[in-house]
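# with the input below, show me the fold.
(one chain, ligands or ions: 1)
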Amino acid sequence: MKTQVILNERQFDLTLQRLCRQLIENHNDFSDTILIGLQPRGLSVLNRIKTLTESILGHPIQCGSLDITFHRDDFRRRATPLIPSVTNIDFSLENKNVVLLDDVLYTGRTIRAGLDAMLAYGRPNKVELLTFIDRRFKRHLPIQADYVGKTVDSLVSERVSVEWKEIEGTDKVILYTPENDG
Ligand SMILES: O=P(O)(O)OC[C@H]1O[C@H](OP(=O)(O)OP(=O)(O)O)[C@H](O)[C@@H]1O
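Numbers count the residues shown, from 1 in each chain. Predicted coordinates:
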């Protein structure tokens, strides 16, 4: 397996900072905005973006987490059963501006499930998507992100891994390529 660092620690941090500034540019003081991280890996994106944004704004912002397990279109097709995570949305999304956050956007099926799961919490005014990595090709659905950390052109056989200081020990994004693929 060949590995290529797509974002190193410094680039990783700069990317997060840029995403926060872009969010602030569009959402001002976040008074009508709620950030929702998709379980499980979107939670890492959410926690970082939340901390950075709050430190820039100087006040807390509303956030939540959303489990999409039972809304996945492959829920019954999986050979190994999926283990559900926790949804933690303590408020109505009615008329709010919601930003969904995830680490990777690829086929778009996770986000479709997220949009479905979110409906139980009210009818937002607007929903946007932030993804740390956008694997541009191979979308299965007409879903695009409004905020993108880094766009990556990768083969189907390749794997993109977003690694977090809190979980894996370092902040980095790695592209894994099988030996015979290039
Ligand atoms: O746009 P998609 O194709 O849905 O892929 C994006 C999702 O894939 C990854 O999760 P994970 O590897 O746990 O999910 P997967 O089993 O769907 O690949 C990632 O954390 C995203 O949530």
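
# which strand residues bridge the residue nearest in space to the middle of the chain?
Among the residues of the chain, the one closest to the centroid is residue 102, at 0.9 Å (CA atoms, centre = their mean). For residue 102, the beta-bridge partners under DSSP bridges are residue 131.

# quick check: it touching residue 38?
Yes. Assessed by CB atoms under 8 Å, residue 102 is found in contact with residue 38 at 4.6 Å. Every residue, glycine included, has its C-beta placed from N, CA and C.

# now do the buried residues in stretch 68-88.
68, 69, 71, 72, 87 (16 or more other CB atoms under 10 Å).

# of all these, which two lie farthest apart?
Spanning the widest gap among those are 72 and 87, at 14.0 Å by CB to CB.

# show me the shaky parts of this protein.
Scanning the chain for pLDDT under 70 picks out 181-182.

# please enumerate the helices of it.
9-27, 42-57, 109-118, 165-168 (DSSP state H).

# reformat those helices as TSV; add distance to residue 175.
Formatted as TSV, the helices of the chain follow (distance: least, CB to CB, whole Å):
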stretch	distance to residue 175
helix 9-27	14
helix 42-57	18
helix 109-118	19
helix 165-168	15
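
# those helices: which one's closest to residue 97?
Using CB to CB, the helices of the chain put helix 9-27 closest to residue 97, at 6.5 Å.

# which parts of this structure sit against the ligand?
38, 41, 102, 103, 104, 105, 106, 107, 108, 109, 110 (CB under 6 Å from any ligand atom).
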